[in-house]
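**Q** after the sequence you'll find the predicted model.
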Amino acid sequence: QVQLVESGGGLVQPGGSLRLSCAASGRLFNFNFMGWYRQAPGKQRELVARIRITSVGVTNYADSVRGRFTISRDNAKNTIYLEMNSLKPEDTAVYYCNAVQGGGTWWGKGTLVTVSS
């Protein structure tokens, strides 16, 4: 049973920074991809950033966050991170960790990020 546990959300002012963490119950190399999605009130869940769990670690970002957010991984800690800088009010959402392996996909319970003055 795969478990993904997010942490690091909170309230931050516009222009501020946060770092989200997602700890996986198993080794990261069990997965093909891991990533972060977000869902704002009244909107559909959308991809924020994704990283391929290989030695290369190819990353993909949504246009709205490219250049401001950085996804990374720590294989030794079975954890991925999302470094979020220059946060905007429109980044307010529940952020979910996602893992994909073969035909399976798993989700964390989410962590709330609120960007407001």
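**A** Structure received. Residues are numbered from 1 along each chain as shown.
**Q** contacts and neighbour counts: CA atoms only from here.
**A** Noted.
**Q** and the helix or strand hosting R73, what's its mean pLDDT?
**A** For R73, the enclosing helix or strand under DSSP states H and E is strand 69-74. On average, the pLDDT along strand 69-74 is 95.
**Q** for stretch 14-23, same thing?
**A** pLDDT averaged over stretch 14-23 gives 98.
**Q** please apply the same query to stretch 37-44.
**A** Mean per-residue pLDDT for stretch 37-44: 96.
**Q** thinking again about what came up before, from the contact counts, what lies against the helix or strand following the strand holding R73?
**A** Remark: after strand 69-74, the chain's next helix or strand is strand 79-84, criterion DSSP H and E. Under the contact definition 3 or more Cα pairs under 8 Å, 6 or more residues apart in numbering; DSSP states H and E, strand 79-84 sits against strand 18-24, strand 69-74.
**Q** just the CA trace of the helix or strand following the longest one, in PDB.
**A** Read that as strand 18-24. Note on strand 18-24: by DSSP H and E, the next helix or strand toward the C-terminus is strand 33-39. Only the C-alpha atoms of strand 33-39 are listed here, as PDB (Å, rounded to 0.1, in the frame of the first residue of the first chain):
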ATOM      1  CA  PHE A  33       6.800   9.700 -12.200                       C
ATOM      2  CA  MET A  34       6.000  11.800  -9.200                       C
ATOM      3  CA  GLY A  35       4.500  15.200  -9.200                       C
ATOM      4  CA  TRP A  36       2.400  18.000  -7.700                       C
ATOM      5  CA  TYR A  37      -1.100  18.900  -8.700                       C
ATOM      6  CA  ARG A  38      -3.300  21.700  -7.300                       C
ATOM      7  CA  GLN A  39      -7.000  22.400  -7.100                       C
END
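**Q** name the strands paired with strand 33-39 and say parallel or antiparallel.
**A** Take DSSP bridges as the rule and strand 33-39 pairs in its sheet with strand 46-52 (antiparallel), strand 93-101 (antiparallel).
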